[in-house]
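> Sequence and predicted structure below; questions after.
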Amino acid sequence: MCGERRVTYDALAAMVTDAARALIAAGVEPGDRVAVWAPNSLEWIVAALGITTAGGVLVPVNTRFKGTEAAYVLARSNARVLFSVTGFLDTDYPALLASSGVPLPSLAHTVILAGDADNGAVAYDDFVSGGRSVSDAAVDARVAAIKPDDPSDVVFTSGTTGSPKGVVMTHAQTLRAYLDWCDWADLRTGDRYLIVNPFFHIFGYKAGCLASLMRGATIFPLAVFDPEVVCEIVEREAITVLPGAPTLYQSLLDHPGRGAHDISSLRLAVTGAADIPVELIRRVRQELPFERILTGYGLTEAGTVTGSRPDDNFEHIAATVGVPWPGFEVRTVIESGADAAIGEPGEVVVRGETVMRGYLDDAEATAASIDAGGWLHTGDLGTFDADGYLRIVGRIKDMFIVGGFNAYPAEIENLLLRHPRIAQAAVIGVPDARLGEVGMAFVVLTPGAPVEAAGIVEWARKEMANFKVPRFVEFLDVLPVNATGKVVKDELRARTAGKGAT
């Protein structure tokens, strides 16, 4: 369901077949890459499924990208067709692409899913009309020719550091990973799933759209998150499943109009982050009607690899990302390659059937990420406890050294979130003449009386080891995040020019 539109599974299948016919008529061959640069909508789903039905490879494009960033993805993937929109949040995506000046010799067609089609683009209805001459048999032949090990999609990493890399996944890997996700989350036939997570990310597309299709749940796409709109849809449509980043649940809890809506239908919450406040999970459990709250750890290169258990307590859900899933081996390793001791940090490495085949046309980056033993090196730092629960304590590149002691931002951020006035926190290292580096915290406060930076530092001295205490605190209205809710620390580092003791 999308807005006022109600589409049955039969009707959806017919729409997908029409999209596949049009792509075949437009010259898309098996294995060709086709991009979708558009917000969450019924049209996005139809385009994506039409691509794979025609034997093509889906390339989702981040809706927060500007023209040059999107052009990089289209050029890198040699996309033959682009599905896009011209009116989302007053943004004309094809116009942004044109203004980038980046040549795209492989791009033969730009199809407008919503909005005005101009400058050589074609309206979706006209594009579909061009496929009417393609027979059912031709579409069926494309589907029959798809093999389990054929690529299904190329999802580009967020590019928070360096250029985005295209993660290649196969049909078999995708189906296996997200059938497992359905079982873990207890997604049920008849569930009503409000998908706030963006479709261009695996949380929205694979753990959202594909999971719903495999289980027979009803999809409700939401293009822009707004707590009042979410409450209205939950009440009107009896939504049962609402995954999202921790900030989604915080926004619902803080929304002054929540009590005016009946949201009692909500059953399943799924979230994930290294720094979920225990108090947030406690409030979600006590103040919202969810029967089940799950957290997990995943990445584009492998899908979800760890997850909480149904009977986990607040602390386990908030402070850990659960235990490894069946079918995955998960280790934390030190620089020598040996396993880190219990409670000691090491790089999280993962091995399993759904680890990516590699980065698109980038053997060097693939070799740097997947070692000879088949272990995917995630770049995340984690610790295992004696019960087998994994904690993510930061990124290797984010770790900083204070007077010889390793400081892990995610750990410090989690400690800062215990402060009664801190709603969000992000920590980076800045130069210090005596100690090498020290911590700097960027914090978002809850409403209330003014708070001094010095007061935050003094509070931290009582709550954590001295080397972990941030020496500098800057207050922000919001933290800079990418479309998947991850803090973009490079933007924070750019703010620190001249900061630090010298």
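That came in fine, so what should we check first?
> so where's the chain shaky on pLDDT?
For the chain, the stretches with pLDDT under 70 are 158-162, 274-275, 483-484, 498-502.
> can I see the domain layout of it?
Listed domain ranges for the chain are 9-146, 172-395, 400-494 (source: automatic domain parsing).
> what's the neighbour count on D140?
D140 has 12 neighbours, counted by other C-beta atoms under 10 Å. The way it works is simple: take the backbone N, C-alpha and C, and place the C-beta from them, glycine included.
> Repeat that for A117.
20.
> go on, R283?
Counted with other C-beta under 10 Å, R283 comes out at 17.
> Is it correct that it falls within a strand?
No - under DSSP: H, G, I helix; E, B strand; the rest coil, R283 falls outside any strand and is assigned helix.
> Look at the residue nearest to it when sequence neighbours are not counted and give its secondary structure.
Once flanking residues are discounted, R283 sits nearest to L253: 5.5 Å by C-beta to C-beta, 6 or more residues apart in numbering. Of the three states, L253 takes helix according to three-state DSSP.
> Test my guess that L253 contacts E287.
Yes - L253 lies in contact with E287 (C-beta atoms under 8 Å); the separation is 6.1 Å.
> Which one of these two is surrounded by more residues?
A side-by-side neighbour count of L253 and E287, using other C-beta under 10 Å, places L253 first with 15 against 12.
> mind listing what that one touches?
Counting by C-beta atoms under 8 Å, 6 or more residues apart in numbering, L253 touches 280, 283-284, 287-288.
> buried set for stretch 6-21?
Neighbour-count burial for stretch 6-21, counted by 16 or more other C-beta atoms under 10 Å, picks out 7, 12, 15-21.
> in the stretch 301-450 of the chain, which spans are strands?
Taking DSSP state E, counting those that start in this stretch as the test, the strands found in the stretch 301-450 of the chain are 303-307, 323-324, 328-333, 346-352, 358-359, 376-384, 390-395, 400-402, 405-407, 422-432, 436-445.
> Look at the spatially closest residue to F442 that is not a sequence neighbour and say how many residues are nearby.
In this structure, F442 finds its nearest non-sequential neighbour in A426, 4.7 Å apart by C-beta to C-beta, 6+ apart. Neighbour count for A426, taken as other C-beta under 10 Å: 26.
> quick one: contacts for A426?
With C-beta under 8 Å, 6+ apart, A426 has these contacts: 409, 413, 441-443, 479, 487, 489, 492.
> what do you get for I334?
When contacts are counted by C-beta under 8 Å, 6+ apart, I334 is found next to 340, 344, 346-347.
> Using JSON lines, please lay out the contacts of A426 together with distance to K206 and neighbour count.
Formatted as JSON lines, the contacts of A426 follow (distance: C-beta to C-beta, whole Å; neighbours: other C-beta atoms under 10 Å):
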{"residue": "P409", "distance to K206": "28", "neighbour count": "27"}
{"residue": "E413", "distance to K206": "27", "neighbour count": "26"}
{"residue": "A441", "distance to K206": "34", "neighbour count": "25"}
{"residue": "F442", "distance to K206": "31", "neighbour count": "24"}
{"residue": "V443", "distance to K206": "33", "neighbour count": "24"}
{"residue": "L479", "distance to K206": "26", "neighbour count": "20"}
{"residue": "V487", "distance to K206": "23", "neighbour count": "23"}
{"residue": "K489", "distance to K206": "26", "neighbour count": "20"}
{"residue": "L492", "distance to K206": "29", "neighbour count": "19"}
